[in-house]
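>>> Prediction below, plus the sequence it came from.
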Amino acid sequence: MSDATSDGSAATDYSSDEMMTVAAARELVNGTVCFVGIGLPSTAANLARTTHAPDVVLIYESGCIGAKPDRLPPSIGDGVLSRTADAVVGVPEIFTYWLQGGRIDVGFLGAAQLDRFGNINTTVVGDYHAPKVRLPGAGGAPEIAASCREIIITLRHSRRAMVDSLDFLTSVGHGTGSGHRARLGMPGRGPTVVITDLGILRPDPDTAELTLFGVHPGVEVDQVREATGWPLRVATGAGVGEPPTAAELDALRSFEAA
Amino acid sequence: MATFTTLAEAVAELVHDGDQVALEGFTHLIPHAAGHEIIRQGRTDLTLVRMTPDIVYDQLIGVGCAAKLVFSWGGNPGVGSLHRMREAVEEGWPLPLSIEEHSHAGMAARYQAGASGLPFGVLRGYAGTGLAEVTDTIAFVDCPFTGERLAAVPALNPDVGIICAQQADRQGNVMLWGITGVQKETVLASSRAIVLVEETVDHFEPRVNGQVLPSWVIDAVAVVPGGPHPSYADGYSERDNAFYAAWDPISRDREQFAAWIDRHVRGTADHAGYLQSIGREPARV
């Protein structure tokens, strides 16, 4: 448990996963409309909703709009989502009127593999036609990545995940670099931030290459370089982020325990 | 008009070897009982269609009912992989499984086109993705009015669509509510439709996101309490999350999987027998 004593104080006893979830939650601005992937993104989005962003609107691809779960839903179609939603619509409608219609501010996604331009693989490890590991596949991610105004990505940092070259391009981030999304006719800005258990990366404003923007407390820059499959650039002025507060940790832990 | 039948009669009459079959459900209202009945009756060479193939498709694939899978996300939600599906794709066991892979938005557009009687659906999607390269049912067209390049996907028109609803009335109209996924599109796109319901009622009441499908677009209605298990029917049962977790070790091992199917599916006469065999009552909320 946290050994912090008051709400705003910094905790010292927390896991790297908890740091990642808290850092990801902080990226979600109150009042935004967010299309949420299951797993890490859903945990982070709900942490945001129960802490600094009570008016965030969470949308799940099962058709739940404005879901307010009081416990962690194990799947995107859990009853706690539909029962707490402002509206429930069919799956074709959520992808047409709501996502493709341009109603979503932020898409919150995970990834099995991510490359330096924020492109995502959730399809296969190895060759597509003779896969080493068959992953679940695209789900809603390709069009979420295309149509939301911006994309937040969260995943655990390792050479296996942060790769030089994707085995398969499931969802386009910045493609081959700056300007590629516009050439593909994608309305949204693409990934604006990647939160891992080691730090925070943002696309370089000129090249769109993911660049280390900050490390979590206790993490060294070399450690992040070592865990990254491409030669990682470090932004000028990259610093150390804030540890979770006691309030953030309590909210996360009570939500996960519910 | 829909005929009230047993699930066994509906599958025997309406699901044939080699058919393209969609058992749809988006986490909620998944027609597991129908998948089990297809296994009991030993159907083969099926093309299985589903946006989110999960445990019931793992079972159908693992016993060798399927030759092909058309899908957009295949996994055990909140748990991990579908190990029978993975072994079929990675090792060709028990049979090679060909796959036709889309995104959710693409699959939804395909069902909508199928239900609408159109040859293809259109969406802003797939641009720049690997799916556009490996899936030959993804193409691109130019909008005749704006010139925008858009993705085109062919209509899905399954031979048989199978869904769960919560209720049927005495005339065989059915009502579903809560998360309704692509169930309406599945029924309207399919040549034949089977609907499993929890119970029959005299009159429907208004519900959140309630949808009524009229009797005359359905071929067979079967009353199967607990039919979605381990999925759920809002108002009737809760999702059996423990079962989804328990499926992982069972499905990892060929022998354990085969023993489980023999005991709980092939070794039971119907869905009530299955629920009794795994120690679950048709749960009531």
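Received the coordinates, thanks. Source: prediction; values computed, not measured.

>>> contacts, neighbours, all on C-alpha from now
Fine.

>>> which residues does residue 194 contact?
All of this refers to chain A. Residues in contact with residue A:194, defined by CA atoms under 8 Å, 6 or more residues apart in numbering or on different chains, are A:152, A:153, A:154, A:155, A:200, A:201, A:202.

>>> sorry, should have said chain B
B:10, B:160, B:161, B:162, B:163, B:218, B:219, B:220, B:221, B:222.

>>> hang on, isn't residue B:154 packed against residue B:140?
No - if you go by CA atoms under 8 Å, residue B:154 and residue B:140 don't touch, sitting 11.3 Å apart.

>>> if you count what's nearby, which of these two comes out ahead?
residue B:154 (20 against 17; other CA atoms under 10 Å in any protein chain shown).

>>> so how far is residue B:122 from that one?
Applying CA to CA, to the nearest Å, the value for residue B:154 to residue B:122 is 9 Å.

>>> Residue A:233 now?
40 Å.

>>> Equivalent analysis for residue B:201, please.
Distance from residue B:201 to residue B:122, counting by CA to CA: 39 Å.

>>> neighbour-wise, which of these two wins?
It is residue B:122, of residue B:201 and residue B:122, that has more neighbours when counted by other CA under 10 Å, with 21 against 13.

>>> Quick check: neighbours of the helix or strand encompassing the more buried one in the sheet, parallel or antiparallel?
Element membership for residue B:122, per DSSP states H and E: strand B:120-123. Strands that pair with strand B:120-123, judged by DSSP bridges, come out as strand B:149-154 (antiparallel).

>>> Would you mind identifying the next helix or strand past the partner strand?
strand B:160-169.

>>> quick one: that following strand to chain centroid distance?
Centroid separation for strand B:160-169 versus its chain: 11 Å, with CA atoms, centre = their mean, to the nearest Å.

>>> and the helix or strand that it is followed by, what does it pack onto?
Counting by DSSP H and E, the next helix or strand C-terminal to strand B:160-169 is strand B:174-176. On a contact count with 3 or more CA pairs under 8 Å, 6 or more residues apart in numbering or on different chains; DSSP states H and E, strand B:174-176 meets strand B:160-169, strand B:211-213.

>>> Now render these as a markdown table, adding mean pLDDT.
Below are the helices and strands packed on strand B:174-176 laid out as a markdown table (pLDDT from 0 to 100):
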| stretch | mean pLDDT |
| --- | --- |
| strand B:160-169 | 98 |
| strand B:211-213 | 97 |
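
>>> Residue B:240 and residue B:226 touch, don't they?
No - with contact defined as CA under 8 Å, residue B:240 does not reach residue B:226; the gap is 11.0 Å.

>>> what about residue B:249, distance to chain A?
17 Å (CA to the nearest CA, to the nearest Å).

>>> what about that residue, is that helix, strand or coil?
Here residue B:249 is recorded as helix under DSSP: H, G, I helix; E, B strand; the rest coil.

>>> can you list the residues of the stretch 101-250 of chain A near chain B?
Residues of the stretch 101-250 of chain A found near chain B (CA under 8 Å from any CA of the partner chain) are A:130-143, A:146, A:168-172, A:175, A:184-185.

>>> Could you list which residues are in contact with the residue in the stretch 151-258 of chain A that chain B sits nearest to?
Of all residues in the stretch 151-258 of chain A, residue A:169 sits closest to chain B, at 4.9 Å by CA to the nearest CA. Applying CA under 8 Å, 6+ apart to residue A:169 gives the contacts A:119, A:120, A:121, A:123, B:129, B:130, B:131.

>>> So which of the residues you listed sit within strands?
Under the assignment DSSP state E, those contribute A:120, A:121 to strands.

>>> Pipe the contacts of residue A:169 into TSV and attach neighbour count per row.
Listed next are the contacts of residue A:169 as TSV, based on neighbours: other CA atoms under 10 Å in any protein chain shown:
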residue	neighbour count
A:119	26
A:120	32
A:121	28
A:123	29
B:129	19
B:130	18
B:131	25
